[in-house]
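In: When you get a sec, could you give me coordinates for this:
(one chain, ligands or ions: 4)
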Amino acid sequence: MKKIIFSVISIAAMLGLVLFVIQPNFSAAQTKDDGGRKIVVFKVGLNDAAKDEIVRWVGGAKLKNIGLIGAEVIQIPSRAATEKLKTHPDIVRVDEDVEVFALQYREGNFRAERITRSSQSLPWGIDQIDAELVWPGGNTANPVKVGIIDTGISNNHPDLTANVKGGVNTINPRKSWNDDNGHGSHVAGIVAALNNTIGVVGVGPAADLYAIKALNAAGSGYLSDVIEGIQWAMTNGMQVINMSLGTDSDIQSFHDAVAAAKGTGVVVVAAAGNSGGSVIYPAAYPEAIAVSATDKNNVIASWSNRGPEIDLAAPGVSIYSTYKGTGYATLSGTSMAAPHVAGSVALVLNTPVGGYDVNLNGKWDPDEVQKKLQDRALDLGKTGFDNLYGWGLVNAYKAVQP
Ligand SMILES: [Ca+2]
Ligand SMILES: [Ca+2]
Ligand SMILES: [Ca+2]
Ligand SMILES: [Ca+2]
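Out: Ligands and ions are numbered 1, 2, ... in the order given. Predicted coordinates:
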């Protein structure tokens, strides 16, 4: 009798555990998995004809290939078709093609404050991380290639265009990578606005910028277009990728793409998010350098995301930089913090690797760059690593010293 009661309790306990584990995912699937765009990962080695046949089998329409992760983006007509697709033995996974967002912090009455100044000013963030102390030594991040995966970069900005060497529009490859929002141009200017007599100056004012337009005029886009942007960056020799964008959803395809980029030596920098909560994706992936946002007093912004995934902090409150067209604007967000780090990465890549060459291959690898930036950062908050500032405020000048 005792034994039977025990088994009943055990089974009940097991059922409870199973329900507990399954339920969160199940409810998420119910609300989101109703057809629409999916990132469909096929078994390795499957040929195109076989893939096409599977897509037809569920009444889907192929939108694009993402070879980097062995996937296709497919428009699926219904939830039932998605479930059917998942049962096919040649399908590894069906991921949601979630929406990703530019991480600009929008206050109550948000309006990009546009001011055009007659002479060049040194933005406070560039000064705070001591980038301006690096340039007199001859290091202006030239010709390090930095890919800005964002809303594009202005194609006619007098403070940017000499550094913009190319780009792509992954939303529609027949269309321009020109910025129709302003966010991407702002991020690009923080990395590498020109050191001349107008406007602003970036962290690495002679870095080569590449506009990878994956977000639309409203500052949002499909994850698949961002992943295609990562693929483009790898194919075109980017050394650094800045992603001032993110999503709350942890999608395996996104993680795989970021890991693949890092695996080929690309340094991936990402904004932590602006909800004041935990770090979002891709910043939360261990393969990305996650950046939180600080103000002029080196205090974390109340809205900056935080957590054990934060690697570094950088200026992100009231940052003046280039904007769409020929404009300038003051914006806030972890979107503005990440490019201070991406620019610092570009400066470090232009120095000898020296003692940081842990794997002794004679060149910088992403972990080595990150380690040096962390070692040379200004510790803030609690002594040593903490969840608000990571290893501290990035310092470009200290990071380029031997
Ligand atoms: Ca300074
Ligand atoms: Ca300038
Ligand atoms: Ca190395
Ligand atoms: Ca600290």
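In: Excluding chain neighbours, give the residue nearest to the residue sitting nearest the centre point of the chain in space.
Out: Centroid-nearest residue in the chain: M243, 2.5 Å away (criterion: CA atoms, centre = their mean). Excluding the flanking residues, the one nearest M243 by CB to CB, 6 or more residues apart in numbering is A270, at 4.5 Å. Any C-beta I mention is one placed from the backbone N, CA and C, and that applies to glycine too.
In: list the contacts for the residue nearest to the centre of the chain?
Out: 149-150, 226, 268-271, 282-283, 288, 338 (CB atoms under 8 Å, 6 or more residues apart in numbering).
In: thinking again about what came up before, tell me, how many residues neighbour the residue nearest to M243?
Out: By other CB atoms under 10 Å, 32 other residues sit near A270.
In: Show the contacting residues for it.
Out: Here A270 is in contact with 242-246, 282-283, 285, 288-291, 338 (CB under 8 Å, 6+ apart).
In: three-state assignment of I190?
Out: Classification of I190 by DSSP: H, G, I helix; E, B strand; the rest coil places it in helix.
In: How many neighbouring residues does W135 have?
Out: Neighbour tally, W135, other CB under 10 Å: 19.
In: residue ranges for the helices of the chain, please.
Out: 2-32, 48-57, 79-87, 124-128, 183-192, 223-235, 252-263, 334-349, 366-375, 396-399 (DSSP state H).
In: highest average neighbour count across the ones you listed?
Out: Comparing those by mean neighbour count (mean count of other CB atoms under 10 Å), helix 183-192 ranks first with a mean of 33.
In: the inter-axis angle of that one versus helix 334-349?
Out: 30 degrees (axes from the mean of the first three to the mean of the last three CA atoms, to 10 degrees).
In: ok so, going back, wait, which of the contacts of M243 is closest to ligand 1?
Out: Closest to ligand 1 out of the contacts of M243 is A338 (19.5 Å), distances taken as CB to the ion.
In: Now do the contacts for that closest one.
Out: A338 sits next to 187, 242-244, 269-271, 291, 314 when contact means CB under 8 Å, 6+ apart.
In: Quickly name whichever of those residues is closest to ligand 3.
Out: V269 (18.2 Å).
In: Return the residues in contact with the nearest residue to D256 once chain neighbours are set aside.
Out: Nearest residue to D256, sequence neighbours excluded (CB to CB, 6+ apart): I69, at 4.9 Å. Applying CB under 8 Å, 6+ apart to I69 gives the contacts 39, 41, 227, 253, 256-257, 260.
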